[in-house]
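Trainee: Next input, structure requested:
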Amino acid sequence: MEVSTMLLFGELRARLQDDVVSKVVSDSDPNDHKGQEQKACDDDLGFNNELQTSRSERSSEISAEQEEDVRRRKEENMFWRSAMKRAADAGDFPLKYKKHKKIEEGGFGTVFAGVRISDQQPVAIKYLNKSHVDFVSVNINNEVYDVPVEVLMQTKAAPDRESVGLDPAVSLLDWFSLDQDQIVLVMERPNPSEDLYHYVLKNGPLSEKQAKVMVQQVVEALVDLHYKRIFHRDLKLENLLVQSTPSGPRIRIIDFGCACVARPEPFTSVFQGSIIVAPPEFFKSDSYCAGPTSVWQVGALLYELLRSHDFLFTTEEFMWGIMPATRGLSKECRNFLQDCLTLDPKERISLDQLSHHPWFKL
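Mentor: Residues are numbered from 1 along each chain as shown. So this is what the prediction gives:
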């Protein structure tokens with residue numbers, strides 16, 4: 001059942017205060033790599049397990065591993081409820097929001113500037129074609145509803161709607177299933193802001209000092225996402241906003257369309273993200289892990305910030321040794337790039353280590 005066919009959203013939200021939400025996963029075609037990847041993602045979230053636990057499991061005799069599993073299930077239950085509370089009746093959309101000019105258009109959707117009518121808060125309104133959207137199914141009181149994975153990931157990234165703007169990730173305010181073809185996501189729109197791609201295009205290559213301010217915030221944001229077990233997978237200039245604030249530029253992460261749950265096990269067969277910045281291990285073995293991939297993409301991002309006037313980073317060219325010179329950069333900055341762009345993922349610096357890199361202390 002599509003979310004647009006829900007009869008009473010108010011009743012649904014009321015149910016969520018007390019009812020247990022569980023995940024229903026359908027069998028995947030063994031030849032469908034995307035389905036396998038999503039199923040693995042679902043498995044890691046624990047959606048294939050019931051979220052309620054018995055009293056015996058809560059006894060003092062349970063192991064530390066069981067206690068962690070109980071804690072994680074409770075956390076995911078709260079997360080599901082939060083995501084579903086953001087579902088809104090399609091008929092409310094024109095009453096709550098007003099659409100303005102187009103901001104961006106891509107292969108998977110179109111983003112418009114807009115405002116929330118009640119208080120004129122700036123919002124971004126993202127229209128997605130359902131044929132390009134991955135869904136998971138949620139069982140609520142034996143009713144099954146399809147929810148976009150992007151909704152779940154963005155809700156998990158910025159879970160508190162009462163503190164919009166405090167998280168590194170842009171907050172999701174509402175989402176709608178308007179018809180048979182369209183999903184609409186309504187997000188906060190930091191104002192003034194622009195994506196990092198256009199920021200660099202307008203300002204030219206950044207100085208090392210300017211780039212460090214940006215990259216340090218990106219690394220801190222990724223640490224926050226990975227702590228919440230979110231793997232963005234598509235870190236690039238276009239998916240980062242530069243918000244102008246009195247204290248200087250602030251980086252915000254957008255577009256969770258390729259995101260999934262971060263897990264220790266490798267992802268295989270399919271790279272959900274911009275293939276030009278996929279890590280080298282994907283090209284060598286068709287597999288990649290969350291942490292090393294995020295670190296690799298940070299290195300690619302830094303190269304483009306520093307050399308944007310004459311250089312587009314691609315992993316394949318890097319593997320062939322086609323890279324611009326790093327003359328003029330500090331030793332610490334060159335080491336940072338080398339640490340991020342180590343070809344062997346086992347030797348690559350970890351995300352936590354990267355957050356304490358000596359370059360950031362200069």
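
Trainee: Where does the residue nearest to Pro168 when sequence neighbours are not counted fall, secondary structure wise?
Mentor: Leaving aside its chain neighbours, Pro168 sits nearest to Ala221 (3.4 Å; criterion: C-beta to C-beta, 6 or more residues apart in numbering). Yep, even glycine has a C-beta here, placed from its N, CA and C like the rest. Take DSSP states H and E as the rule and Ala221 turns out to sit in helix 208-227.

Trainee: Pull the distance from the helix or strand following that helix to the chain's centre.
Mentor: Once the chain leaves helix 208-227, the next helix or strand it forms, by DSSP H and E, is strand 230-231. Using C-alpha atoms, centre = their mean, to the nearest Å, the mean C-alpha position of strand 230-231 is found 6 Å from that of the whole chain.

Trainee: Give me the contacts around strand 230-231.
Mentor: Strand 230-231 is contacted from outside by 153, 156-157, 225, 256, 259-263, 290, 293-294, using C-beta atoms under 8 Å, 6 or more residues apart in numbering.

Trainee: just checking, which of those residues belong to strands?
Mentor: Cys260, Val261 (DSSP state E).

Trainee: Kindly indicate the member of the contacts of strand 230-231 with the most neighbours.
Mentor: Highest neighbour count within the contacts of strand 230-231: Phe256, with 29 neighbours (other C-beta atoms under 10 Å).

Trainee: Now for Leu90, how many residues are close by?
Mentor: That one is not Leu; residue 90 is Ala. 18.

Trainee: Over to Lys331?
Mentor: The burial count for Lys331: 10, using other C-beta under 10 Å.

Trainee: per-domain residue ranges of this protein.
Mentor: Following automatic domain parsing, the chain resolves into domains at 1-189, 193-361.

Trainee: Mind listing what's buried along stretch 295-313?
Mentor: Neighbour-count burial for stretch 295-313 flags 295-308, 313 (criterion: 16 or more other C-beta atoms under 10 Å).

Trainee: Taking those residues together, which two end up most distant?
Mentor: Distances among the buried residues of stretch 295-313 were taken as C-beta to C-beta; the most separated pair is Val295 and Ser308, at 20.6 Å.

Trainee: Please name every helix or strand in contact with the helix holding Ala221.
Mentor: strand 240-245, strand 248-253, helix 290-307, helix 351-355 (3 or more C-beta pairs under 8 Å, 6 or more residues apart in numbering; DSSP states H and E).

Trainee: how far out from the middle of the chain is that helix?
Mentor: So, by C-alpha atoms, centre = their mean, the centroid of helix 208-227 is 15 Å from its chain's centroid.

Trainee: Stretch 89-109 now?
Mentor: Computed by C-alpha atoms, centre = their mean, the chain-centroid distance of stretch 89-109 equals 20 Å.

Trainee: just stretch 354-362 next, same as before
Mentor: Distance, stretch centre to chain centre, for stretch 354-362: 24 Å (C-alpha atoms, centre = their mean).

Trainee: and what of stretch 232-248?
Mentor: 13 Å.

Trainee: any idea how far the residue lying closest to Leu240 once chain neighbours are set aside is from Asn203?
Mentor: Using C-beta to C-beta, 6+ apart and skipping the chain neighbours, the partner closest in space to Leu240 is Leu196 (4.2 Å). Here the criterion is C-beta to C-beta, to the nearest Å. By it, Leu196 lies 10 Å from Asn203.

Trainee: Neighbour count for the two, which is higher?
Mentor: More crowded of Leu196 and Asn203, by other C-beta under 10 Å: Leu196, with 25 against 11.

Trainee: quick one: the more buried one and Met214 touch, right?
Mentor: Yes - counting by C-beta atoms under 8 Å, Met214 is a contact partner of Leu196 at 7.1 Å.

Trainee: Low-confidence stretches in the stretch 201-350 of the chain?
Mentor: For the stretch 201-350 of the chain, the stretches with pLDDT under 70 are 308-310.

Trainee: The stretch 1-150 of the chain now?
Mentor: Short version for the stretch 1-150 of the chain, where the test is pLDDT under 70: 1-66, 68-88, 107, 140-141.

Trainee: Recalculate using a threshold of 50.
Mentor: For the stretch 1-150 of the chain, residues meeting the criterion pLDDT under 50 lie at 1-34, 36-37, 39-61.

Trainee: List every C-alpha atom in stretch 202-220, with coordinates, as PDB.
Mentor: C-alpha atoms of stretch 202-220 as PDB (Å, rounded to 0.1, in the frame of the first residue of the first chain):
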ATOM      1  CA  LYS A 202      32.400  31.600  -8.300                       C
ATOM      2  CA  ASN A 203      35.400  32.100  -6.000                       C
ATOM      3  CA  GLY A 204      37.900  30.000  -7.900                       C
ATOM      4  CA  PRO A 205      40.300  27.500  -6.400                       C
ATOM      5  CA  LEU A 206      40.400  27.900  -2.600                       C
ATOM      6  CA  SER A 207      43.600  28.600  -0.600                       C
ATOM      7  CA  GLU A 208      44.800  25.800   1.600                       C
ATOM      8  CA  LYS A 209      43.500  27.700   4.600                       C
ATOM      9  CA  GLN A 210      40.000  28.100   3.100                       C
ATOM     10  CA  ALA A 211      39.900  24.500   2.000                       C
ATOM     11  CA  LYS A 212      40.900  23.300   5.500                       C
ATOM     12  CA  VAL A 213      38.000  25.100   7.000                       C
ATOM     13  CA  MET A 214      35.600  23.400   4.600                       C
ATOM     14  CA  VAL A 215      37.200  19.900   4.800                       C
ATOM     15  CA  GLN A 216      37.400  19.800   8.500                       C
ATOM     16  CA  GLN A 217      33.700  20.400   8.700                       C
ATOM     17  CA  VAL A 218      33.100  17.700   6.100                       C
ATOM     18  CA  VAL A 219      35.100  15.200   8.200                       C
ATOM     19  CA  GLU A 220      33.200  16.100  11.400                       C
END
